[in-house]
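>>> structure here, sequence nowhere to be found:
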């Protein structure tokens, strides 16, 4: 039998017509070529337009690239200078200034001082290290079982030179700043005044200006000290004076409350606080329970009212004060200030006979 050969269909022009298999093959090759062309176009398009597309952002299809942003700088916290860290000036109409005035006025020995002292400027002191140690000292005393009255915060005052402000603000008050030896060796503790209007041994002259430091203090356990003025005259180096007492934080004079006038005998020395701190077996150079709080400047004015004597006896004694020589003139006789203050507590007749006996 003859095998059937596939006949090739011819069109009217006599050319053979492709079969179904050949048509499918040609269509597949054309589709592959078209896909290759489209993929190549996409690759070329993406490579050329990728950067503008990223820059356009939300401006879709507009083709306008925004200006380039400047490079961002690394953020750095500004450092505060030492002055800004330690001292904060406050205005005279602020609430902080009013609080300072309450502290100062509440610490006067004589009420009349309110009209004699004018405070010009004030600055609060911020020292995180000293404040932290002050708090730590208070916590330590509390853990030792100290009484609440020993943990109470109060204030002490110190008249200083203006050049010492920054040093005390940054480092605190160190031992050895004072020459007083009334309550203890100055090389082992610090001295502060109890009263804000009793800042130096001699009375303030009208028109005097000065700088006063206000310290927050914790008195802790106080040791009462007897008068030791005779031995105090021997030396200013602390010879013969008391050492700091263990398990104590402060020395005060036993009859401190007997001082009731700025003109009392040795009123300044007798109203001092003496602070110290033991660290193991040695004295620390800076007591932690004495912390700088504020610094103010003042002007001392003239007293508009005549000063009344501390005792009725002295009011009947006619006297004048010679500022140049530092002596009192009583009954036309010059005597020293020490003798005058000593005789304030004596009877007028006794004073009269003493003067007549010693100066006849």
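Thanks, I have the structure now. Computed from a predicted structure; not experimentally measured. Numbering: from 1, shown residues only.

>>> what about the closest residue to residue 127 other than its chain neighbours, neighbour count?
Spatial nearest neighbour of residue 127, chain neighbours left out: residue 86 (5.7 Å); criterion: Cβ to Cβ, 6 or more residues apart in numbering. Heads up, the C-betas are built off the backbone N, CA and C, glycines and all. Using other Cβ atoms under 10 Å, the number of residues around residue 86 comes to 21.

>>> count the residues that sit near the nearest residue to residue 91 once chain neighbours are set aside.
Nearest residue to residue 91, sequence neighbours excluded (Cβ to Cβ, 6+ apart): residue 97, at 6.6 Å. Other residues within reach of residue 97, judged by other Cβ under 10 Å, total 18.

>>> what packs against the stretch of helix or strand residue 97 belongs to?
Per DSSP states H and E, residue 97 falls inside helix 95-105. For helix 95-105, the packing partners by 3 or more Cβ pairs under 8 Å, 6 or more residues apart in numbering; DSSP states H and E come out as strand 87-90, strand 117-125, strand 209-218, strand 290-300.

>>> let's see 6 Å
The contact analysis (3 or more Cβ pairs under 6 Å, 6 or more residues apart in numbering; DSSP states H and E) places helix 95-105 against no helix or strand.

>>> could you give the angle of it to strand 290-300?
Interaxial angle, helix 95-105 versus strand 290-300 (axes from the mean of the first three to the mean of the last three Cα atoms, to 10 degrees): 80 degrees.

>>> next, the buried residues of helix 95-105.
97, 100-101, 103-104 (16 or more other Cβ atoms under 10 Å).

>>> got a list of what residue 194 touches?
Residue 194 makes contacts with residue 271, as judged by Cβ atoms under 6 Å, 6 or more residues apart in numbering.

>>> before we move on, back to that, was I right about the residue nearest to residue 127 contacting residue 169?
Yes - counting by Cβ atoms under 6 Å, residue 86 does reach residue 169; the two are 4.0 Å apart.

>>> tell me the residues that contact both of the two, please.
Contact with both residue 86 and residue 169 is made by residues residue 125, according to Cβ under 6 Å, 6+ apart.

>>> I'd like to know which helix or strand in the chain has the lowest mean pLDDT.
Least confident element among the helices and strands of the chain, by mean pLDDT, DSSP states H and E: helix 312-315 (a mean of 40).

>>> next one: the residue nearest to residue 127 from residue 171, what distance?
Note on residue 86: its distance to residue 171, by Cβ to Cβ, to the nearest Å, is 10 Å.

>>> what does residue 178 give?
Distance from residue 178 to residue 171, by Cβ to Cβ: 16 Å.

>>> quick revisit: tabulate the buried residues of helix 95-105 (a markdown table), appending pLDDT.
Formatted as a markdown table, the buried residues of helix 95-105 follow (pLDDT from 0 to 100):
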| residue | pLDDT |
| --- | --- |
| 97 | 97 |
| 100 | 97 |
| 101 | 97 |
| 103 | 97 |
| 104 | 98 |
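
>>> nearest to residue 121, of those residues?
Among those, residue 97 lies closest to residue 121 (Cβ to Cβ), at 9.5 Å.

>>> how near is the residue nearest to residue 91 to residue 160?
Using Cβ to Cβ, residue 97 is found at 20 Å from residue 160.

>>> and what of residue 192?
According to Cβ to Cβ, residue 192 and residue 160 sit 11 Å apart.

>>> please say which of the two ends up with more neighbours.
residue 192 (20 against 17).

>>> dump the residue contacts of the more buried one.
156, 158, 273.

>>> ok, the residue nearest to residue 193 when sequence neighbours are not counted - contacts?
For residue 193, ignoring the flanking residues on the chain, the nearest one in space by Cβ to Cβ, 6+ apart is residue 157 at 4.5 Å. Listed by Cβ under 6 Å, 6+ apart, the contact set of residue 157 reads 193, 196, 212.
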